[in-house]
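Novice: Pasting the sequence and the predicted coordinates here, then a few questions.
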Amino acid sequence: MSGRGAVCVTGVGTVTPAGDGRDATWKRVCQGLPTAALDDEGQPPRLACRVPPFGPGRLNGLLARKPDRCVQLALLAAREAVADAGLDPGGWDGARVAVVAGAGCCGAQTYEAQHRVLLDAGQHGMSAFSVPGALGNALAAQLAMDLHATGPGLTVNTACASGATAICTALDLLALDRCDIAVAGGAEAPLTPFFQAGFDRMHALSSRFGDPAGALRPFDADRDGFVMGEGAGMLVLERERDARARGARPRARVAGQGATSDAHHIVKPDPGGRGLAAALRQALAAAGAAPADVAHVNAHGTGTPLGDRVEAGVLAEVLPHRPPVTSTKAVTGHLLGAAGAVEAALTVLAVERRLIPPTANLAAPSPGIDLDLVTTPRPRRLPLALSVSTGFGGHNVALAFAEAS
Amino acid sequence: MSFDDLKAALVSMGVPEEEITEQAGREEAGLDSLGIAELVLILKQRHGLTITEEELHEAGTVGDVLGIIAGHAAAGA
């Protein structure tokens, strides 16, 4: 997709409510088993999708730097992705390695806990790591330290599109020859009182408290909002010729990217979905592909009444041949800033493994939604697949992945 | 305060247990400037000891840190 050669995905790492690790996540997503559970029986109750517990030993001393949970999840996913790529941070030329991380509310748990300490005990009770452990940049900084990556490093924030935007930014850095390897993705640990209440105040969350597993219902007629989740997804991106030269096996090729802004509203999508449609068309143009070439779409599909309707309309308009569409959020929950990266990872695995995961909880599509929604795993070759992400504020991202040649 | 007490405090800060020996350099045991600020907080909250960050910055090793703390404890500070 650039003059410097095609870019491929050689490593995938995910830590999600569906599983601690890439293969555990993929397995549960393909089983269509939702992870949402009743998290707090208070008033109002809270639903949430949590990552399975992991021991502090997995973080190998990083806890001394007091990373926010968002950073911890990112580190685990990044290590898995780098190992998957067959790369060794102890031996690589770190100056040519970039780190691009995305998050919407990085630091939430640290800020909220330390703010409580500040109010109760005053400044001298606060941890000295309150700021450096939590700031959004800690994501990129701690990943860089962990991976000995001394090339460009940054954290991006496009709300729920952050993970996808991070991948776009990494692709730009590769195209500009600012790096040879990019570790890119997103992370989020937003299950805090402030963010749970804040999203609920926007009426973005499902209130199906009596049926947690059935609460997040992408494109379903009875959908009433999403369930927040925590997690991280990371990809290792490198030029295909570099990957081949070192004997690595690409899982998929990155065929194109598109990114636009609605410039419409701080929360609501443009009702016509023009920005999202433009992002899809950009990605197709970058891939040198026609709409009919798209064999699968991993949709944003959060289960909000308006968001799903707009997205479904855009997919039907831009891709009138009705390719199979799935939303894996019904299983994972909405991982906010990590969602775009986790779903990019799942799209890569779908292309590689020739299997479209199902959309759980889809009993009856909403009237007016005319998509080929996949409800049971569907084996199929996927020469080209799209992962679509949008974020509050009107951020739209489309990533196109193709089979590795 | 014993070495084991100090070790427990450092482990609670997230420092890997195997890196905590009396001979270990202060920074290697997680006690850079931010780590010292954390330790001062723990000493105050859990052990009732008021030790300044400046004092602990003088320490070269974990053993030195222990000595400074012990001096305070003995003085009834």
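Specialist: Thanks, I have it.
Novice: Quick check: which ranges of the stretch 301-405 of chain A have low pLDDT?
Specialist: Low-confidence segments of the stretch 301-405 of chain A (pLDDT under 70): none present.
Novice: Tell me where it has helices.
Specialist: Under the criterion DSSP state H, counting those that start in this stretch, the stretch 301-405 of chain A contains helices at A:305-318, A:329-332, A:339-353.
Novice: Tell me which of those sits most buried.
Specialist: helix A:329-332 (a mean of 32; mean count of other C-beta atoms under 10 Å in any protein chain shown). From N, CA and C alone the C-beta is placed, and that goes for glycine too.
Novice: what's near enough to touch the residue of chain B at minimum distance from chain A?
Specialist: Residue of chain B nearest chain A, by C-beta to the nearest C-beta: B:G14 (2.9 Å). Applying C-beta atoms under 8 Å, 6 or more residues apart in numbering or on different chains to B:G14 gives the contacts A:56, A:59, A:61-66, B:30.
Novice: returning to that earlier point: what's the closest of the helices of the stretch 301-405 of chain A to chain B?
Specialist: Chain B sits nearest to helix A:339-353 of all these, at 25.9 Å, using C-beta to the nearest C-beta.
Novice: Check whether whatever residue of chain A ends up closest to chain B sits in a helix, strand or coil.
Specialist: Residue nearest to chain B within chain A (C-beta to the nearest C-beta): A:L63, separated by 2.9 Å. Secondary structure, DSSP: H, G, I helix; E, B strand; the rest coil: A:L63 is helix.
Novice: Tell me, how many residues neighbour the residue nearest to A:H334 when sequence neighbours are not counted?
Specialist: Among residues not flanking A:H334 along the chain, A:F226 sits closest, at 4.0 Å (C-beta to C-beta, 6 or more residues apart in numbering or on different chains). Using other C-beta atoms under 10 Å in any protein chain shown, A:F226 has 31 neighbouring residues.
Novice: do you know how far A:F226 is from A:R65?
Specialist: Distance, A:F226 to A:R65, using C-beta to C-beta, to the nearest Å: 32 Å.
Novice: burial count for residue 64?
Specialist: Defaulting to chain A. Neighbour count for A:A64, taken as other C-beta under 10 Å: 22.
Novice: please go with chain B instead
Specialist: Using other C-beta under 10 Å, B:D64 has 15 other residues around it.
Novice: Point out the residues in chain B that sit beside chain A.
Specialist: Residues of chain B lying near chain A by C-beta under 8 Å from any C-beta of the partner chain: B:13-16, B:19, B:30, B:33-35, B:37-38, B:41, B:44-45.
Novice: top helix in chain B by residue count?
Specialist: Counting by DSSP state H, the longest helix found in chain B is helix B:33-47.
Novice: Which other helices and strands does that helix contact?
Specialist: Judged by 3 or more C-beta pairs under 8 Å, 6 or more residues apart in numbering or on different chains; DSSP states H and E, helix B:33-47 is in contact with helix B:3-12, helix B:53-57.
Novice: Low-confidence ranges, the chain, go.
Specialist: Unless you meant another one, I'm taking chain A. By pLDDT under 70, the low-scoring segments of chain A are A:1-4.
Novice: Hmm, no, I was thinking of chain B.
Specialist: B:76-77.
Novice: ok, the spatially most central residue of it - contacts?
Specialist: The centre of chain B sits closest to B:V65, judged by C-alpha atoms, centre = their mean, with a distance of 5.2 Å. By C-beta under 8 Å, 6+ apart, the residues touching B:V65 are B:6, B:26, B:31, B:39, B:56, B:59.
Novice: for A:D372, same thing?
Specialist: Counting by C-beta under 8 Å, 6+ apart, A:D372 has contacts A:322-325.
Novice: Weed out the non-buried ones from those residues.
Specialist: Buried members of the contacts of A:D372, scored by 16 or more other C-beta atoms under 10 Å in any protein chain shown, are A:323-325.
Novice: ranges for the strands of the stretch 101-250 of chain A?
Specialist: Assigned by DSSP state E, counting those that start in this stretch, the stretch 101-250 of chain A shows strands spanning A:153-156, A:181-188, A:231-239.
Novice: Need those strands in TSV (columns: distance to chain B).
Specialist: Formatted as TSV, the strands of the stretch 101-250 of chain A follow (distance: least, C-beta to the nearest C-beta, whole Å):
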stretch	distance to chain B
strand A:153-156	20
strand A:181-188	19
strand A:231-239	19
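Novice: which one of the ones you listed is the most hemmed in?
Specialist: strand A:181-188 (a mean of 34).
Novice: which secondary structure elements does that one contact?
Specialist: helix A:69-84, strand A:97-102, helix A:137-147, helix A:162-175, strand A:231-239, helix A:339-353.
Novice: Residue numbers of chain A in contact with chain B?
Specialist: Neighbours of chain B within chain A, by C-beta under 8 Å from any C-beta: A:56, A:59-66, A:124-125, A:127-129, A:132.
Novice: Show me the two of those residues that sit farthest apart.
Specialist: Pairwise distances across the residues of chain A next to chain B peak at 30.5 Å for A:N60 and A:H124 (criterion: C-beta to C-beta).
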